[in-house]
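Q: What would the 3D arrangement of this be:
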Amino acid sequence: MKEGIFALIAILFLSFGCVSEPAQPESEFEGGGLMKLLSNDLKQGQEIPSEFTCDGSNISPELHWEGAPAETKSFALTLRDPDAPMGTFNHWLVCNIPANILSIPKGGPIPAEATQVQNDFGKGDYGGPCPPSGSHRYYFKLYALDVEKIECTNAQQLLQQIEAHKLAEAELMAPYQRK
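A: Numbers count the residues shown, from 1 in each chain. Sure, this is the predicted structure:
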């Protein structure tokens, strides 16, 4: 009887979310540090303001980061929509951001040394959220890499190179639904 009560208490404890998740997804990496991707324009889990979408000015939000591993030699940045009807849609792909750069201003520009890869709109720059229907989740992901430059002539190559050279990653997810 006592065992059943303890089991029920344990189930209720776990069911009511007594284990909290961080407000900002972070990446823990070897060495014990935490890398964070932050924005003055976006908040984790909150609707993307239309200014940064196809319904507004379609400009990139301000992004900044902290806590990258000391071994970081460059960064890569992606904005992807896993809820697109035909599979994950690439909205923004940036590689070879120098390790000393810790932000991208609202509307850009990206650092001169960085490269923007053609997105799934067929453009070589930021393409804001523009879901055909319903609410979609948009993941801004920053990757700390162990090399100064990667080959990134297309999305597939960029993603493969990120996986091969990733030291840490951090993300910021924000949904958007057209009105």
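
Q: contacts, neighbours, all on C-alpha from now
A: Will do.

Q: Surely residue 69 forms part of a strand?
A: No: per DSSP: H, G, I helix; E, B strand; the rest coil, residue 69 lies outside any strand segment and is coil.

Q: shouldn't it be in contact with residue 169?
A: No: in this structure residue 69 lies outside contact range of residue 169 using CA atoms under 8 Å: 10.0 Å.

Q: which residues are common contacts for those two?
A: 35, 144 (CA atoms under 8 Å, 6 or more residues apart in numbering).

Q: out of those two, which sits in the busier spot?
A: residue 169 (24 against 20; other CA atoms under 10 Å).

Q: ok so that one is a strand residue?
A: Yes: membership of residue 169 in a strand is supported by three-state DSSP.

Q: List the beta-bridge partners for the residue nearest to it when sequence neighbours are not counted.
A: Residue nearest to residue 169 in three dimensions, not counting chain neighbours: residue 143, with 4.4 Å by CA to CA, 6 or more residues apart in numbering. Counting by DSSP bridges, residue 143 is bridged to residue 76, residue 169.

Q: quick one: contacts for residue 143?
A: Here residue 143 is in contact with 75-77, 162, 166-170 (criterion: CA under 8 Å, 6+ apart).
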